[in-house]
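K.L.:
got a predicted model here, sequence first, then my questions.
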Amino acid sequence: MPETPTVTQLNVRRAAGYIGAHVDGIDLKADLADATVDQLRQALHEHKVLFFRDQHLDHAAHVAFGERFGPLAVRAREQDTEELAPFPQILTISPQLDRKLVGADYEAVFRSKWVTSISGWHVDASQVVNPPAIAFLRADEIPPFGGDTHWTNLVAAYAGLSEPIRNMIDGLQAEHTFWPAQQLDPSNLVEKKAIDMIGNKRMAVHPVVRVHPETGEKALFVNPSRTARIMGMNPVESRKLLELLFEELTRPQYTVRFTWEPGSVAVWDNRCTAHLAAADIDHIEGAVRIMHRTSTVGDIPVGPDGFTSYAVAGEPLIEPSADNGAPADPSPRETR
């Protein structure tokens, strides 16, 4: 008879005042009992992002762990490495791979074209009608310093707004696309190749506030990197309101910063957090930062007024079994 998975009593330690927790006493490579996975899910609901040290997962274990939380999306395109061929759910994020694919570290190119200093804050693939629900990111190679990732609690950010503002935005919708945070130049060959590779083929309209499908919490669902405009407002009104909401969701008190080590894993709820990779190692020659990410297929957001997101262009995130040859992960290059 197969061994019964052992139920693990987790040691969960808060990392910051509004968001984040370190989880000790667990081996993510193990065959986790359903009760242990339930504990992790409840901790994720409470803390929004969980941090694990010294896990050293391989690709197979990474996929197996993520699948305990739901079907994993398949990345939109091949990354042309023999190592990743058996694992289409895994996206590798590294400047070295960027250079191989497009001839430059184009995450650094994107950062150089930011419209504002907070443009890098994003919700993964919010330009898709059903963005990923839960993301799993592991560190493979990291520099001796720098390259941290920040997360912010969008539930706390919503609660921090005044009641009149909350009442107004509860009934608003916003358009999400891939490029509103950058001013790219199609005449530049590197930028044109990045534009062509990622494209602007997916666009969705989401509620400005979404109701979490499992906890019922209200969360801001706009982000500086992907939210283009508030529907029904003129450009000045839209820009001013988005600036106010972006300022609120990036307030330091709602954030946590995680310093990576080899073998570290972060798990976050993409439905109620935004995140940002610290752009502090681009200038350091020889700095290597290689990360691997999987994410579960998400639900379609619903607002407090019952508004349901809809696609303006492009396909939704789909399960691998429903792929039928179509790309399942519509945002192959999210920065971390």
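P.N.:
Nice, I can see it. Residues are numbered from 1 along each chain as shown.
K.L.:
can you report how many residues lie near Ala33?
P.N.:
Using other C-beta atoms under 10 Å, Ala33 has 14 other residues around it. The C-beta positions use only the backbone N, C-alpha and C, and glycine is treated the same way.
K.L.:
now do the one 5 residues further on
P.N.:
Neighbour count of Asp38, defined by other C-beta under 10 Å: 12.
K.L.:
partner strands of the biggest strand by length in the chain, with direction?
P.N.:
Longest strand of the chain, by residue count under DSSP state E: strand 134-141. Strand pairing for strand 134-141, determined by DSSP bridges: strand 265-269 (antiparallel), strand 290-295 (antiparallel).
K.L.:
residue boundaries of the helices in the stretch 1-150 of the chain?
P.N.:
Listed in chain order, the helices of the stretch 1-150 of the chain (DSSP state H, counting those that start in this stretch) span 34-47, 59-67, 95-102, 106-112.
K.L.:
tell me the angle the longest strand of the chain makes with helix 59-67.
P.N.:
Strand 134-141 and helix 59-67 are oriented at 160 degrees to each other (axes from the mean of the first three to the mean of the last three C-alpha atoms, to 10 degrees).
K.L.:
need the strands paired with strand 134-141 in CSV with mean pLDDT and mean neighbour count, can you?
P.N.:
Formatted as CSV, the strands paired with strand 134-141 follow (pLDDT from 0 to 100; neighbours: other C-beta atoms under 10 Å):
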stretch, mean pLDDT, mean neighbour count
strand 265-269, 98, 24
strand 290-295, 94, 23
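K.L.:
returning to what we had before: starting at the chain centroid, how far to the longest strand of the chain?
P.N.:
11 Å (C-alpha atoms, centre = their mean, to the nearest Å).
K.L.:
what does that strand contact?
P.N.:
44, 55, 57, 62, 65-66, 69-70, 94, 124, 149, 260-270, 288-296, 336 (C-beta atoms under 8 Å, 6 or more residues apart in numbering).
K.L.:
tally of neighbours for Asn167?
P.N.:
11.
K.L.:
quick check on it: phi, psi?
P.N.:
With angles defined as degrees, to the nearest 10, Asn167 sits at phi -60, psi -40.
K.L.:
for Phe307, what are its contacts?
P.N.:
171, 173, 207.
K.L.:
who wins for neighbours among the residues you listed?
P.N.:
Greatest neighbour count in the contacts of Phe307, by other C-beta under 10 Å, goes to Pro207: 24 neighbours.
K.L.:
who's in contact with that one?
P.N.:
172-174, 221, 301-305, 307, 309.
K.L.:
got those residues as a markdown table, with secondary structure and pLDDT columns?
P.N.:
Below are those laid out as a markdown table (DSSP: H, G, I helix; E, B strand; the rest coil; pLDDT from 0 to 100):
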| residue | secondary structure | pLDDT |
| --- | --- | --- |
| Leu172 | coil | 98 |
| Gln173 | strand | 98 |
| Ala174 | strand | 98 |
| Phe221 | coil | 98 |
| Pro301 | coil | 98 |
| Val302 | strand | 98 |
| Gly303 | coil | 98 |
| Pro304 | coil | 98 |
| Asp305 | coil | 98 |
| Phe307 | coil | 98 |
| Ser309 | coil | 98 |
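K.L.:
top of these by number of neighbours, please.
P.N.:
Phe221 (29 neighbours).
K.L.:
is the closest residue to that residue other than its chain neighbours in a helix, a strand, or coil?
P.N.:
Spatially, and ignoring its direct neighbours in sequence, Phe221 is nearest to Arg210 (4.1 Å; C-beta to C-beta, 6 or more residues apart in numbering). Arg210 falls in the strand class when you classify it by DSSP: H, G, I helix; E, B strand; the rest coil.
K.L.:
dump the strands paired with strand 134-141 to a markdown table, plus distance to Trp114.
P.N.:
Below are these laid out as a markdown table (distance: least, C-beta to C-beta, whole Å):
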| stretch | distance to Trp114 |
| --- | --- |
| strand 265-269 | 22 |
| strand 290-295 | 21 |
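K.L.:
related to what we said a few turns ago, what's the angle between the longest strand of the chain and helix 34-47?
P.N.:
Using the same axes, to 10 degrees, the inter-axis angle of strand 134-141 relative to helix 34-47 is 90 degrees.
K.L.:
buried residues in strand 134-141, which are they?
P.N.:
The neighbour-count check on strand 134-141 (16 or more other C-beta atoms under 10 Å) flags 134-140 as buried.
K.L.:
before we move on, what about stretch 15-27?
P.N.:
Those would be 15-16, 18-21, 23, 26, for stretch 15-27 by 16+ other C-beta under 10 Å.
K.L.:
can you put these in TSV and add distance to Val155 and pLDDT?
P.N.:
Listed next are the buried residues of stretch 15-27 as TSV, based on distance: C-beta to C-beta, whole Å; pLDDT from 0 to 100:
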residue	distance to Val155	pLDDT
Ala15	16	98
Ala16	14	98
Tyr18	9	98
Ile19	9	98
Gly20	13	98
Ala21	15	98
Val23	20	98
Ile26	25	97
